[in-house]
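**Student:** Turn this into a structure:
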Amino acid sequence: MSGVNTGSRGAISAEDLSMSETREVMLDIQGLEVHFETRRGIARAVNDVDLQLYKGERFGLVGESGSGKTTMILALLRMIKTPGFIAGGRAVFDDGTDLLRLSPEEVRENRLRRVAMVPQGAMNSLNPVMRIGQQITLTMREHGEEGTKVEFQDRVAQLLDQVGLKPEVAQLYPHELSGGMKQRACIAQAISLSPRLILADEPTSALDVVVQRQIMQTLRQLQLQLDATVLLVGHDMGLMAQFAERVGIMYGGKLVEVGAVADVFRNPQHPYTQLLISSIPSFERRGTFKGIPGVGLSLLDSPTGCLFHPRCPQAMERCSRDEPGLTQLGPGQHVSCLLYEKDESHATSA
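**Tutor:** Below is the predicted model:
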């Protein structure tokens, strides 16, 4: 990290200051690398990511398709399949458990109890020939929960009530539920063993805006009840602004900006973040929407220096040469951009 600069780089909110000073780190991710082997070479889908998640927080991960968001949470769940593999890094809980060093049996024991996932496509995640109650019960049994048939029925009814569904839903098949109801059933399944970390992979992408809000309100209430940490992946910047406390921006497998959601939205620092924020519709101003120039990054043919420099409207000559580190602008606020780093080579030659 470079030195802290809290001058005119943007206000640091009281919430962010409080968070960085008093919150306990629940999961410490260091140097996470996920690669995919292809005929053309190695694609670095997650590229040396460092991130700390606090206990009981809601963290949003945003970026274009292919930026590495979903791959990152699949790595935490140890669900990366061949030709992909976790090439390096650590993901350590506050009790010392490293998710990336667990044996297959330990991974099985940790799922749902320590880490759980709310999937993007609820219909593809539910067994079409099993009743909802049977699926939730099977999930709990497969992960070590014991009890009688009546005890499991009571537990399923309680879980369904927690996510806003009636007990009768336990007797229904997935095709008998609406999209929102299926997503709630998936959330009930995810929280069945009270996990500490909930990974939500665009849980509202296939739902209308009214149901989206209801699902996110449910997820927030459950997070508070369980005192769990939620890592939410998505494209919707407006949804992130309403749900998350902190937000991370990913590009090309790297985190390019991290900060309190109010600070990032009010005064984004990275040029990529600025372009994403400018794409959000507003009732207060009118204008012409502009896309981010250029085309998405190819992980097999990545540019030298800063990965974003071919598309960046603020690119300097050194951006094609030097790779930026993560610069700390203030407590809890970091950006990976050469605009905030001193040009050491220039200073030396001068």
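**Student:** Next, work out how far apart residue 216 and residue 203 are.
**Tutor:** If you measure residue 216 against residue 203 using C-beta to C-beta, to the nearest Å, the figure is 8 Å. No exception for glycine: its C-beta is placed from N, CA and C like everyone else's.
**Student:** Of these two, give the one with the bigger neighbour count.
**Tutor:** residue 203 (28 against 20; other C-beta atoms under 10 Å).
**Student:** Wait, a strand at the more buried one?
**Tutor:** No. The assignment for residue 203 is coil, going by DSSP: H, G, I helix; E, B strand; the rest coil, so no strand is present there.
**Student:** which residues does it contact?
**Tutor:** With contact taken as C-beta atoms under 8 Å, 6 or more residues apart in numbering, residue 203 is in contact with 118-120, 183, 186-187, 215-216, 219, 232.
**Student:** Return the backbone torsion pair for the residue nearest to residue 54 when sequence neighbours are not counted.
**Tutor:** Taking C-beta to C-beta, 6 or more residues apart in numbering as the measure, residue 54 lies nearest to residue 23, with 4.0 Å between them; neighbours along the chain are not counted. Main-chain torsions, residue 23, degrees, to the nearest 10: phi -80, psi 140.
**Student:** ok, now which ones touch residue 23?
**Tutor:** Contact analysis of residue 23 by C-beta under 8 Å, 6+ apart lists 54-57.
**Student:** And the buried ones among these, selectable in ChimeraX?
**Tutor:** Typed into ChimeraX, the line below selects the buried ones among the contacts of residue 23, using 16 or more other C-beta atoms under 10 Å:
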select :54,56,57
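**Student:** JSON lines for the contacts of residue 23, including distance to residue 42?
**Tutor:** Below are the contacts of residue 23 laid out as JSON lines (distance: C-beta to C-beta, whole Å):
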{"residue": "54", "distance to residue 42": "33"}
{"residue": "55", "distance to residue 42": "35"}
{"residue": "56", "distance to residue 42": "37"}
{"residue": "57", "distance to residue 42": "33"}
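**Student:** need the contacts of residue 23 in CSV with distance to residue 113, secondary structure and pLDDT, can you?
**Tutor:** Rendered in CSV, the data for those read as follows (distance: C-beta to C-beta, whole Å; DSSP: H, G, I helix; E, B strand; the rest coil; pLDDT from 0 to 100):
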residue, distance to residue 113, secondary structure, pLDDT
54, 20, strand, 96
55, 16, coil, 95
56, 17, coil, 94
57, 20, coil, 95
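**Student:** What residues sit buried inside stretch 241-261?
**Tutor:** The neighbour-count check on stretch 241-261 (16+ other C-beta under 10 Å) flags 241, 243-261 as buried.
**Student:** Which of those residues fall within strands?
**Tutor:** Restricting the buried residues of stretch 241-261 to those inside strands, with DSSP state E as the criterion, leaves 246-251, 254-260.
**Student:** Isn't residue 33 up against residue 86?
**Tutor:** Yes. Look at residue 33 against residue 86 with C-beta atoms under 8 Å: they come within range, at 7.0 Å.
**Student:** where do the strands sit along this structure?
**Tutor:** According to DSSP E, the strands that the chain contains are 25-38, 41-54, 58-62, 84-93, 115-118, 197-201, 229-234, 246-251, 254-260, 327-330, 333-335.
**Student:** Among those strands, show the one with the smallest mean pLDDT.
**Tutor:** The weakest mean pLDDT among the strands of the chain belongs to strand 327-330, with a mean of 87.
**Student:** Send me that strand as CSV with only the CA atoms.
**Tutor:** Written as CSV, here are the backbone C-alpha positions of strand 327-330 (Å, rounded to 0.1, in the frame of the first residue of the first chain):
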residue,chain,number,x,y,z
THR,A,327,-3.3,2.7,-3.3
GLN,A,328,-4.9,3.7,0.0
LEU,A,329,-6.7,7.0,-0.2
GLY,A,330,-8.2,6.9,3.2
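**Student:** other SSEs contacting that strand?
**Tutor:** The criterion is 3 or more C-beta pairs under 8 Å, 6 or more residues apart in numbering; DSSP states H and E, and the helices and strands that strand 327-330 contacts are strand 333-335.
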